[in-house]
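Participant: I'll drop the sequence and a predicted model, then ask my questions.
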Amino acid sequence: MSLSSGSSTLSWVTTGATSISITPGTFTSTAASGSTTVSPTATTTYTLTATDATGSSSATVTVAVTAPTKPVIGSFLAAPSTIASGASSNLSWATTGATSISISPGNFTSASATGATTVTPSVTSTYTLTATNSAGSTTATVIVNVTTAGGPLAISTTSCPGGTQGQAYAGCTIAVTGGFPPYTYAFDTSGNYPPVPEGMSLNTSTGYISSSLVGGQGTYVPHFVVTDSTSSQAAADVSFAINGSNAFLANIFPSTSIFHHRVDAATTGLPVDTSPAAPIYSGYLTATIKPFFGNNSNAPFPNGIPAIAVPYNQPNVSVTTTVYQHYFTSGPIPSYAPVEGTSLDTGDRHVLVYQAAGGGNKPALYEMWQGIYQGGPWTDSSNALWPDVTSNALTTQGQGTSDAAGLPVAPLLVNADEVIGTGTPSAPNGSVQHPVRFTVNHMLNYWVWPGTETAGTGSCTTSGGTSIPVETQISQSTPPGACTMTGPAGEIYRLKASVATPACAATSPQAAIIITGFRNYGIILADNGSSGGLIGTPDARWNDNDLSCLRSLTLADFEPVNVSSLIVSNDSGATSH
């Protein structure tokens, strides 16, 4: 049995016993059956000793004492959230584990974990609910707007509290003044603005935004529109800054994978790839490194490719693929899975879901390109699956993924968790221990290991002048003789040892850690796009000014690495040493 506080009853039934004792403690009894109450402060194993003239026998039972947890506030709502002067609003709450409730301002208290009370504020007021038990207190707030009917209708909220991916949201009410209540709340879905972060919902009657689990990450600035009873409207942008929760990305694929292997010459001795296919195309060398990820750098939309972890028992839903290849027709893709650029974007809309191990299944990685949630099933234009990311198995050669190079996307994204480490956003102490995916305008129309596919331009010939079929794999150990274009999919490029770290890195600690990653693990050519585009996750903890230091580097500062000596098998990402 277990308890978090209070007492437990120990009961016994014996035959032939003339005396009973229970230890620890001094309890004794002459009753062959009975009970007593104990109140342990820590998990305790109790021993019952039953004795008669011939001897004793014993039995044990353990009372587990669990540490109490603070109450959880499921909801704290005001209805209506906007009232005319002199009117009332109903504050309702639902909590779990609370033994007492208080609401301020005012002196309202209650012993009910759920309930409601009425308030009649004379001015716009923020009410704080405090839910308490023996472990401590948690709070939530709600705003009751008080308006003078007929005044100018306006939204006064400019930002809502921040949040963290994978956690419950504290809640936010869009505050309105003027007009004629009641109001109806909505956000712009034209595509010019994002919706609220994935996993959050807007109560169209109260303007309250809540979530039991935030799926999104990065900074979102939706455009809210409020309509009063006379059909007058007011609008405003409201920002939501959401921290990512992407530490799991570091555990995708074994430590022996090429996706975790250093490539700097000083440590590994890996040589420059001298294949005529290998260099970055000369027309792209002046392109700067551009961080296609960040905080507010793509406002009003989050900037980067998001990723989320789900538990092993996340239910599968239907997935329909409409254009290219698919590896799954159903998967553990929750409705709150974040979408690159959000669901209102028209671009790549990658959806990356890591499913934890459990229930007899290995950890798995599900990736979609142009994922669209349609109220239950998902559709995508292509998808990929790595059903066991404790394995080094690559996608089959010649087969695509949600990435033009046939690579996984998720483990090659630079993310704030790995950069910040155990430090803070302004004083990070982490490290980037994988190549970071990047793009050029056009890749060569071939791939090298660990890539498995390409979508590019140009052609190559053998040293004897024979044409090599395009959209095939070429080797770094037996390279082509000549190529009309360079930069094959899957090629890894490291920052040259001769290139000095930019001076701005001294005052740009996030960029400095990423630049060290460029030297040690390189960047990997993954897709067509803007030349020098470096891909990471959106996150409210990124410092855009700091990351701008990466633009001090150009593609000319990188050199291709010959990793052919590491290959164990063409179909495996495992490295030989």
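Facilitator: Looks like it arrived, so ask away.

Participant: ok, T267 - contacts?
Facilitator: By CB atoms under 8 Å, 6 or more residues apart in numbering, the residues touching T267 are N520. Quick note: C-beta positions are derived from backbone N, CA and C, even for glycine.

Participant: any idea which element it lies in?
Facilitator: helix 265-268 (DSSP states H and E).

Participant: which is the next helix or strand following that helix?
Facilitator: Next element after helix 265-268 (DSSP H and E): strand 290-292.

Participant: mind listing the strands that next one pairs with, and their directions?
Facilitator: If you go by DSSP bridges, strand 290-292 pairs up with strand 533-535 (parallel).

Participant: after the strand it pairs with, next one along is what?
Facilitator: helix 544-547.

Participant: how about the strands in the stretch 201-350 of the chain?
Facilitator: Using DSSP state E, counting those that start in this stretch, the strands found in the stretch 201-350 of the chain span residues 201-202, 208-210, 218-220, 223-227, 233-237, 240-243, 290-292, 308-310, 317-321, 330-331.

Participant: distance of the nearest residue to W378 once chain neighbours are set aside from P363?
Facilitator: Once flanking residues are discounted, W378 sits nearest to V319: 4.8 Å by CB to CB, 6 or more residues apart in numbering. According to CB to CB, to the nearest Å, V319 and P363 sit 19 Å apart.

Participant: picking that back up, buried ones in the helix holding T267?
Facilitator: A265, T268 (16 or more other CB atoms under 10 Å).

Participant: next one: that helix to chain centre, how far?
Facilitator: 33 Å (CA atoms, centre = their mean, to the nearest Å).

Participant: export that helix to PDB, keeping only CA atoms.
Facilitator: Listed next in PDB are the C-alpha coordinates belonging to helix 265-268 (Å, rounded to 0.1, in the frame of the first residue of the first chain):
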ATOM      1  CA  ALA A 265      41.500  16.500 -39.400                       C
ATOM      2  CA  ALA A 266      43.400  17.000 -36.100                       C
ATOM      3  CA  THR A 267      41.300  14.400 -34.200                       C
ATOM      4  CA  THR A 268      40.400  11.900 -37.000                       C
END
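
Participant: which residues are contacting whichever helix in the chain runs longest?
Facilitator: The longest helix of the chain (DSSP state H) is helix 509-520. Residues from elsewhere that reach helix 509-520, judged by CB under 8 Å, 6+ apart: 262-264, 267, 414, 419-420, 425-428, 430-434, 436, 494-495, 497, 501-502, 504-506, 542-543, 546-550, 553, 558.

Participant: I figured G304 hits V339, correct?
Facilitator: No. Contact criterion CB atoms under 8 Å: G304 and V339 do not qualify, at 11.7 Å.

Participant: residue contacts, the residue nearest to W378?
Facilitator: Contacts of V319 (CB under 8 Å, 6+ apart): H326, F328, T329, S330, G331, I333, M368, P377, W378, T379, D380, N383.

Participant: for A17, give me its contacts.
Facilitator: By CB under 8 Å, 6+ apart, the residues touching A17 are A32, A50, T51, D52.

Participant: so which of those is the most crowded?
Facilitator: A50 (20 neighbours; other CB atoms under 10 Å).

Participant: name the helices or strands packed onto the helix or strand hosting that one?
Facilitator: Using DSSP H and E, A50 sits in strand 44-52. Where contact means 3 or more CB pairs under 8 Å, 6 or more residues apart in numbering; DSSP states H and E, strand 44-52 is packed against strand 8-13, strand 19-23, strand 55-65.

Participant: of the strands of the stretch 201-350 of the chain, which is nearest T23?
Facilitator: strand 308-310 (46.3 Å; CB to CB).

Participant: who touches the closest one?
Facilitator: Residues contacting strand 308-310 (CB under 8 Å, 6+ apart): 165-166, 215, 217, 245, 248, 332, 334, 336-338, 352-356.

Participant: how far is that strand from where the chain is centred?
Facilitator: Its chain's C-alpha centre and that of strand 308-310 lie 6 Å apart, by CA atoms, centre = their mean.

Participant: now stretch 185-203
Facilitator: 19 Å.

Participant: over to stretch 496-511?
Facilitator: 28 Å.

Participant: check which residues of that stretch are buried.
Facilitator: In stretch 496-511, counting by 16+ other CB under 10 Å, buried: V499, T501, P502, C504, A505, S508, P509, Q510, A511.

Participant: could these be laid out in TSV, adding pLDDT and distance to S56?
Facilitator: What follows is the buried residues of stretch 496-511, written out as TSV (pLDDT from 0 to 100; distance: CB to CB, whole Å):
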residue	pLDDT	distance to S56
V499	98	81
T501	98	76
P502	98	79
C504	98	79
A505	98	75
S508	98	74
P509	98	68
Q510	98	68
A511	98	73
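
Participant: a markdown table for those, including distance to N392?
Facilitator: Listed next are those as a markdown table, based on distance: CB to CB, whole Å:
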| residue | distance to N392 |
| --- | --- |
| V499 | 31 |
| T501 | 32 |
| P502 | 35 |
| C504 | 37 |
| A505 | 33 |
| S508 | 35 |
| P509 | 33 |
| Q510 | 30 |
| A511 | 31 |
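
Participant: now, which of those sits nearest T462?
Facilitator: Looking across these and measuring by CB to CB, the closest to T462 is V499, at 33.3 Å.

Participant: give the burial count for the nearest residue to P435 once chain neighbours are set aside, as a bare number.
Facilitator: In space, P435 comes closest to I524 once its chain neighbours are excluded; the distance is 4.0 Å by CB to CB, 6+ apart. By other CB under 10 Å, the residues close to I524 number 24.

Participant: I'd guessed I524 sits against L407; true?
Facilitator: Yes. The criterion here is CB under 8 Å, and I524 meets it with L407 at 7.0 Å.

Participant: what do these two both touch?
Facilitator: R437, G490.

Participant: columns mean pLDDT and distance to V389 on top of the strands of the stretch 201-350 of the chain, output as CSV?
Facilitator: As requested, the strands of the stretch 201-350 of the chain are arranged in CSV below (pLDDT from 0 to 100; distance: least, CB to CB, whole Å):
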stretch, mean pLDDT, distance to V389
strand 201-202, 96, 32
strand 208-210, 95, 33
strand 218-220, 98, 24
strand 223-227, 98, 39
strand 233-237, 98, 39
strand 240-243, 98, 24
strand 290-292, 98, 24
strand 308-310, 98, 12
strand 317-321, 96, 19
strand 330-331, 97, 14
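
Participant: L91: which of those is closest?
Facilitator: Nearest of the strands of the stretch 201-350 of the chain (CB to CB): strand 208-210, 11.5 Å.

Participant: ok, that closest one: who's next to it in the sheet?
Facilitator: For strand 208-210, pairing defined by DSSP bridges yields strand 172-173 (antiparallel), strand 201-202 (antiparallel).

Participant: neighbours of A175, just the number please.
Facilitator: Other residues close to A175 by other CB under 10 Å number 21.

Participant: could you do T99 as well?
Facilitator: Neighbours of T99 (other CB under 10 Å): 14.

Participant: now do it against T424, distance only.
Facilitator: Distance from T99 to T424, by CB to CB: 35 Å.

Participant: distance to I372 added to the strands of the stretch 201-350 of the chain, as JSON lines?
Facilitator: Output for the strands of the stretch 201-350 of the chain, formatted as JSON lines (distance: least, CB to CB, whole Å):
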{"stretch": "strand 201-202", "distance to I372": "19"}
{"stretch": "strand 208-210", "distance to I372": "23"}
{"stretch": "strand 218-220", "distance to I372": "18"}
{"stretch": "strand 223-227", "distance to I372": "21"}
{"stretch": "strand 233-237", "distance to I372": "25"}
{"stretch": "strand 240-243", "distance to I372": "21"}
{"stretch": "strand 290-292", "distance to I372": "21"}
{"stretch": "strand 308-310", "distance to I372": "16"}
{"stretch": "strand 317-321", "distance to I372": "10"}
{"stretch": "strand 330-331", "distance to I372": "14"}
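
Participant: for H577, find the nearest of these.
Facilitator: Going by CB to CB, the one of these nearest H577 is strand 308-310, 31.2 Å.

Participant: helix, strand or coil: sort out L550 for me.
Facilitator: Under DSSP: H, G, I helix; E, B strand; the rest coil, the three-state class of L550 is helix.
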